[in-house]
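A.B. asks: Build the 3D model from these lines:
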Amino acid sequence: MKLKEVTIYTDGACSHNPGPGGWAAILFYGDKMTQISGYEPETTNQRMELLAAVKALELLNQPCIVKLYSDSAYLVNCFKQRWIEKWQQTNWLNSQKKPVANRDLWERLWKLAKIHDIDWLKVKGHSDNKWNNQCDKLARTAIINRTSEHRSEGGF
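C.D. replies: Below you'll find the predicted structure:
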């Protein structure tokens, strides 16, 4: 069976760091698009970047080939440079021998990465990438509106 090919854009935002935060993702499958976003009252920008990817991947109800675009080097490099594998080998300690921040989200992402064939792609934030900019807008709107979770469907 041929796997579905899905494209995902994600972004996270934080008003002060830590502070109120928002996350957003846009998923594309064929000609269908879904936008999701949410709000956390007290968080960090890095958590929001990770949560956006988690929430997007959790929407997929079967294994997929995924191109996931993020402006977070923290997220992309963790998988591309295999940090997450090293962390697991060192009982979730980073290179400074300190506990890895956001372990709960990394563990969720690791489980999802085992299900899907994900290509983690870095885009420049606040630049000319239309969908990254739209994710940023959705995440910031979630902060302003204090919207816990929102989904706009185009039939995904």
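A.B. asks: residues of the helix or strand harbouring Tyr69 that come out buried?
C.D. replies: Assigned by DSSP states H and E, Tyr69 belongs to strand 64-70. Within strand 64-70, the residues that count as buried by 16 or more other CB atoms under 10 Å are 64, 66-70. In this view, the C-beta of every residue, glycine as well, is placed from N, C-alpha and C.
A.B. asks: What score does Glu153 have for pLDDT?
C.D. replies: We have a pLDDT of 74 for Glu153.
A.B. asks: what about it, how many neighbours?
C.D. replies: Glu153 is flanked by 11 other residues according to other CB atoms under 10 Å.
A.B. asks: Repeat that for Arg103.
C.D. replies: Arg103: 11 surrounding residues under other CB under 10 Å.
A.B. asks: which residues touch the nearest residue to it once chain neighbours are set aside?
C.D. replies: Nearest residue to Arg103, sequence neighbours excluded (CB to CB, 6 or more residues apart in numbering): Trp92, at 5.3 Å. Contact criterion CB atoms under 8 Å, 6 or more residues apart in numbering gives 99-100, 103 as the residues in contact with Trp92.
A.B. asks: Need those in JSON lines (columns: pLDDT).
C.D. replies: As requested, those are exported to JSON lines (pLDDT from 0 to 100):
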{"residue": "Pro99", "pLDDT": "96"}
{"residue": "Val100", "pLDDT": "96"}
{"residue": "Arg103", "pLDDT": "97"}
